[in-house]
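Enquirer: Any chance you could fold what I've pasted below:
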Amino acid sequence: MAEDIFQGYKGKALGVLRKFNVRVWGQTAIETTRGKFTGTVLPRSENDDDRHIVLKISTGYNIGIDIDTIKMMKETGFQKANYKIPEKEFPYSDHLPNVKLFGTGGTIASRLDYRTGAVIPAFSPGELYGAVPELADICNLTTEKLFAVFSENMGPAQYITLAKAIRKEISNGIDGIIIGHGTDTLHHTAAALSFMIQDSPIPIILVGSQRSSDRPSSDAALNLMHAVYAAGHGDIAETLVCMFGPTSDEYGFLHRGTRVRKMHSSYRSTFRTIGDIPVATVTRDEVKPIKENYNPRRKDRNVKILPYFNEKVTMLYYYPNMKPDIFNSLVDAGYKGIVIVGTGLGHVNKELYPAIEKATKKGVSIYMTLQTIWGYVHMFVYDTGRDMMAKGVIPAGNMLPEVAFIKLGWALGQTDDPVEVKRIMLSPINDEITEREPYNGYLVYQGGVPEVESFVKKFRK
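Expert: Residues are numbered from 1 along each chain as shown. Below is the predicted model:
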């Protein structure tokens with residue numbers, strides 16, 4: 001058989017395929033010492049070992065079969081897979097709202113690259129209709145692919161481009177905007193747009209998915225439908241993150257862009273509102289507010305755009321025995337702002353004090369946030385906190401570390417004056433600092449506790 005039918009296979013694994021006359025994309029029955037398996041033989045990543053055959057089984061998941069366990073393989077059919085989703089022209093309806101989708105990349109617009117085994121941003125936004133035709137029942141969707149990057153490659157240049165593109169669409173009369181975005185740094189972008197776009201008359205919804213579209217448990221389609229409904233029909237005109245609510249498919253949450261955080265690497269319900277409660281729940285036909293205070297949709301086209309960012313800002317996660325040369329090197333490199341993610345109520349070791357004082361005297365703005373994630377910085381409680389404030393460190397209330405980092409870059413993009421930077425940083429724009437956290441703004445379930453187990457069993461599906 002020709003070599004191209006063994007895509008990515010090499011060494012011993014290639015020998016097994018040749019021995020049983022089985023091709024990549026062949027529907028195959030495999031008998032092993034651990035049982036029988038049926039599915040489609042998939043290409044291997046060129047970076048993988050030569051010890052496994054990869055099989056896509058009927059559930060849609062991929063499994064690796066150790067070649068040393070294989071007793072027999074038999075090809076029962078052959079059909080090369082086509083993972084390209086065709087673009088379709090989105091239908092138009094006079095009675096539906098007009099929504100604009102900006103594509104940036106990420107899992108919600110992705111496909112599986114069998115050369116490397118990785119999920120890559122490859123679907124254009126227009127292809128989303130081909131994948132999720134239900135979107136046409138919710139709105140008139142137009143699309144624009146601004147970027148095609150994983151979210152770790154999003155940064156200030158992309159934030160500014162997005163803010164300007166959103167301003168243009170608002171001026172053109174669009175009813176709502178959604179932004180397809182990778183989940184890893186989605187909350188950073190949400191914070192940036194919350195500061196750069198103020199008093200929007202329409203919803204701006206960031207959406208992603210934890211699991212790629214080729215997986216049966218993918219949340220991509222439902223998240224998209226929820227986001228499109230919130231953008232086109234919802235009354236909450238803010239920068240919001242739309243992702244899964246519970247682990248089931250019942251509804252999604254709309255999280256305020258300044259109070260949301262990704263809390264699990266793979267869980268579909270990974271995004272949580274921290275120190276507060278979500279703004280609303282959303283389904284394919286309803287947005288139901290949870291919070292009473294939100295900015296309502298307006299008919300005017302007025303919006304305030306402040307697309308600024310100074311990239312000489314960093315975030316330092318404090319650890320025991322941190323050395324002052326870290327601060328010194330940042331100052332020498334010309335950094336203008338530092339967000340410390342401190343312990344407890346906002347602490348670092350005393351060895352850092354001279355370096356901190358040196359930095360603030362040179363005009364570097366330094367703000368304290370917390371590793372605990374929930375709660376407030378309280379630097380008046382212990383001498384260490386008061387000593388740091390005397391050296392110029394400014395407590396950032398209950399701002400999340402990532403939000404403080406984004407806001408500091410945004411503030412320094414507007415002024416170099418530390419006094420004005422402080423005014424901007426400590427003036428809440430949309431709940432990045434709150435006067436108090438609600439009683440139900442901190443809920444962390446601990447498995448194994450009887451009362452928690454009893455509660456979880458009522459809802460686990």
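
Enquirer: hey, which helix is longest across this structure?
Expert: Across the chain, the longest stretch assigned as helix under DSSP state H is helix 156-171.

Enquirer: Who are the packing partners of that helix?
Expert: With contacts taken as 3 or more Cβ pairs under 8 Å, 6 or more residues apart in numbering; DSSP states H and E, helix 156-171 sits against strand 98-103, strand 176-180, helix 186-196, strand 197-198, strand 304-305. (Each C-beta comes from the backbone N, C-alpha and C, glycine too.)

Enquirer: What angle do strand 176-180 and the longest one make with each other?
Expert: What it means is helix 186-196. If you take axes from the mean of the first three to the mean of the last three Cα atoms, to 10 degrees, helix 186-196 sits at 140 degrees to strand 176-180.

Enquirer: between helix 186-196 and helix 156-171, how many degrees?
Expert: Here helix 186-196 runs at 60 degrees with respect to helix 156-171, directions being taken by the same axes, to 10 degrees.

Enquirer: Packing partners of helix 186-196?
Expert: helix 156-171, strand 204-207, strand 239-244, strand 260-262, helix 401-412.

Enquirer: between those, which gets nearest to residue 453?
Expert: strand 239-244 (22.1 Å; Cβ to Cβ).

Enquirer: that older thread, let's have the helices and strands packed on helix 186-196 in JSON lines, adding mean neighbour count.
Expert: Shown next, in JSON lines, are the helices and strands packed on helix 186-196 (neighbours: other Cβ atoms under 10 Å):
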{"stretch": "helix 156-171", "mean neighbour count": "18"}
{"stretch": "strand 204-207", "mean neighbour count": "28"}
{"stretch": "strand 239-244", "mean neighbour count": "28"}
{"stretch": "strand 260-262", "mean neighbour count": "24"}
{"stretch": "helix 401-412", "mean neighbour count": "26"}
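
Enquirer: Any chance of JSON lines for the ones you listed, columns distance to residue 452?
Expert: JSON lines is the format used below for the helices and strands packed on helix 186-196 (distance: least, Cβ to Cβ, whole Å):
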{"stretch": "helix 156-171", "distance to residue 452": "39"}
{"stretch": "strand 204-207", "distance to residue 452": "30"}
{"stretch": "strand 239-244", "distance to residue 452": "21"}
{"stretch": "strand 260-262", "distance to residue 452": "22"}
{"stretch": "helix 401-412", "distance to residue 452": "28"}
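
Enquirer: how close does residue 457 sit to residue 450?
Expert: Between residue 457 and residue 450 the computed distance is 11 Å (Cβ to Cβ, to the nearest Å).

Enquirer: my bad, should have said residue 61
Expert: Distance, residue 61 to residue 450, by Cβ to Cβ: 34 Å.

Enquirer: Ok, residue 409 next?
Expert: Distance of residue 409 to residue 450, given as Cβ to Cβ: 46 Å.

Enquirer: so where do the helices sit in the protein?
Expert: 11-20, 127-131, 156-171, 186-196, 220-233, 325-332, 353-361, 383-390, 401-412, 418-425, 450-457.

Enquirer: mind checking pLDDT for the closest residue to residue 184 other than its chain neighbours?
Expert: Leaving aside its chain neighbours, residue 184 sits nearest to residue 151 (4.5 Å; criterion: Cβ to Cβ, 6 or more residues apart in numbering). At residue 151, the model reports a pLDDT of 89.

Enquirer: quick one: residue 151 and residue 179 touch, right?
Expert: No - counting by Cβ atoms under 8 Å, residue 151 sits too far from residue 179 to count as a contact (11.1 Å).

Enquirer: show me the residues around the residue nearest to residue 304 when sequence neighbours are not counted that make contact.
Expert: Nearest residue to residue 304 in three dimensions, chain neighbours excluded: residue 198, at 4.3 Å (Cβ to Cβ, 6+ apart). Residues in contact with residue 198, defined by Cβ atoms under 8 Å, 6 or more residues apart in numbering, are 303, 304, 305, 306, 429, 430.

Enquirer: Got the phi and psi for the last one?
Expert: Pointing back at residue 430 there. Phi and psi for residue 430, reported as degrees, to the nearest 10, are phi -150, psi 60.

Enquirer: how many neighbours does it have?
Expert: Using other Cβ atoms under 10 Å, residue 430 has 18 neighbouring residues.

Enquirer: From residue 440, how far off is it?
Expert: Taking Cβ to Cβ, one finds residue 430 at 20 Å from residue 440.

Enquirer: Likewise for the second one?
Expert: In this structure, residue 304 lies at 32 Å from residue 440, with Cβ to Cβ as the measure.

Enquirer: ditto for residue 367
Expert: Taking Cβ to Cβ, one finds residue 367 at 27 Å from residue 440.

Enquirer: ok, now residue 250?
Expert: Using Cβ to Cβ, residue 250 is found at 19 Å from residue 440.

Enquirer: the more surrounded of those two?
Expert: Between residue 250 and residue 440, residue 250 has the larger neighbour count (other Cβ under 10 Å), namely 13 against 8.

Enquirer: Which residues lie in contact with that one in this structure?
Expert: Counting by Cβ under 8 Å, 6+ apart, residue 250 makes contact with residue 283.

Enquirer: List phi and psi for residue 278.
Expert: Backbone torsions of residue 278, given as degrees, to the nearest 10, read phi -60, psi 160.

Enquirer: need the longest strand for the chain.
Expert: Looking across the chain with DSSP state E, the single longest strand is strand 70-78.

Enquirer: who does it touch, helix- and strand-wise?
Expert: Counting contacts by 3+ Cβ pairs under 8 Å, 6+ apart, strand 70-78 packs against helix 11-20, strand 26-32.

Enquirer: export those to TSV and tack on mean pLDDT and mean neighbour count?
Expert: Below are those laid out as TSV (pLDDT from 0 to 100; neighbours: other Cβ atoms under 10 Å):
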stretch	mean pLDDT	mean neighbour count
helix 11-20	92	16
strand 26-32	94	18
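
Enquirer: Could I get these in JSON lines, plus columns for distance to residue 174?
Expert: Shown next, in JSON lines, are the helices and strands packed on strand 70-78 (distance: least, Cβ to Cβ, whole Å):
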{"stretch": "helix 11-20", "distance to residue 174": "51"}
{"stretch": "strand 26-32", "distance to residue 174": "46"}
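
Enquirer: For residue 345, which of the helices and strands packed on helix 156-171 is the nearest?
Expert: It is, among the helices and strands packed on helix 156-171 and with distance given as Cβ to Cβ, helix 186-196, at 23.0 Å.

Enquirer: quick one: which of the helices and strands packed on strand 70-78 is nearest residue 293?
Expert: Within these, the stretch nearest residue 293 is strand 26-32; the backing value is 56.5 Å (Cβ to Cβ).
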